[in-house]
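# Next one to model:
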Amino acid sequence: MATQVRLRNKPVTLRITRKYIDIFINIFKYIYITCREIHLNRHVLSIIILLLMLAISPSIPVVGAQTQSDALTWWKNNYQNYYVASSTQISLTVGDLDKLYVYFDNYYLYFAITTNNTLDQEGDYQFLLDIVPGGYNDTVVSYGGLTPVVRDAFCKAITVNSTKYGVDYEIYFHWNTHSATPPDISSATIAVWLNKTPSSLSQYSEYWNYTDITQYKGTYYDYEITTLGALKTLWVVIPWSTLNISRPPMFYILAVLVGPDAGNGAVDSIPTDPNVMYLVTPIDTQVFNIMLPIPEPFAVGVTVAVITGISTAFIVKRMEKSL
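Below you'll find the model as predicted:
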């Protein structure tokens, strides 16, 4: 079991397993006997054991305040410790998502995806974020020719259930196979919801403000490809300042893999939504009913601290009974 704690706003991961508990017991038994022989009282002994439990637990390097390129490097080395969900959808067109990883601190939002891509296929990797009240959902219509339609920030036939969510930010990456050797991300964009009153006479793009980050490969994002040229892993680090907000207490995220053309739908998502029919050209706009909640890491850390304190008291008591 891996759990995040925060020490002076820096994330640390403690891995607590039965193996480590057995090691702790044996080490602390020796320490306990030694401390009793030199007449240390019980309270001092408890503090020593508590500090040792925190010191011995394996940890991840801290993030803290640093340059964005450093933050991206840290994320590429440690993202696998922050797994949140997998796709259960098997997609044979555009690509096939595998796992999603998410973390955030005072300065940055970190997320990454891995894929099961085998063939190099053109498509759009999009991340929908619900962070603040309001946002884009299935009530937002725009001018679509003969009839009003629901389209997201990039004219895709995807949206979220308005009774649950509202998308405030979309981060978009277009995987290009036609003009690049090797294939690459030819377009990367952050779209911010403008909180505009929906109107069927508006174009979808009138609801959003767009920031092009394509040129910031190596700072905002990076990726690796398979031997056949398909996208294998995508790492992303977005400063909260770029989104014009401070770190939220929690938020919701949805990762989708969408066809490359306007009006295309999702062929895969994390999390997988059993109510969505995954098609490149859906009959109607796909409405997602599930987004993943990402809680404040500190809340988890408090739980770990309480468990550690209880464990310390238990160990001391057990030592006294066994001797």
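
# for the closest residue to Ser142 other than its chain neighbours, what are its contacts?
Closest residue to Ser142 apart from its sequence neighbours, by CB to CB, 6 or more residues apart in numbering: Tyr204 at 4.2 Å. C-betas here are computed from N, CA, C, even on glycine. Contact analysis of Tyr204 by CB atoms under 8 Å, 6 or more residues apart in numbering lists 142, 151-153, 155.

# now those residues in JSON lines, with distance to Lys99?
Shown next, in JSON lines, are the contacts of Tyr204 (distance: CB to CB, whole Å):
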{"residue": "Ser142", "distance to Lys99": "33"}
{"residue": "Arg151", "distance to Lys99": "28"}
{"residue": "Asp152", "distance to Lys99": "23"}
{"residue": "Ala153", "distance to Lys99": "24"}
{"residue": "Cys155", "distance to Lys99": "28"}
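
# so which of these is the most crowded?
Among these, Asp152 has the most neighbours (other CB atoms under 10 Å), with 26 neighbours.

# so that one sits in a helix?
No. Counting by DSSP: H, G, I helix; E, B strand; the rest coil, Asp152 falls outside a helix, being coil.

# Leaving out chain neighbours, which residue sits closest to it?
Asp152's closest residue in space is Ile158 (CB to CB, 6+ apart), at 5.4 Å.

# Who does that neighbour form a beta bridge with?
Beta-bridge partners recorded for Ile158 (DSSP bridges): Gln286.

# ok, it to Ile294 distance?
20 Å (CB to CB, to the nearest Å).

# How about Pro239?
From Pro239 across to Ile294, the span is 17 Å (CB to CB).

# Quick check: which ranges of the stretch 1-150 of the chain have low pLDDT?
Across the stretch 1-150 of the chain, residues meeting the criterion (pLDDT under 70) sit at 1-65, 144-146.

# can you give me the strands in it?
Assigned by DSSP state E, counting those that start in this stretch, the strands in the stretch 1-150 of the chain fall at 2-7, 10-15, 83-86, 97-104, 108-115, 123-130.
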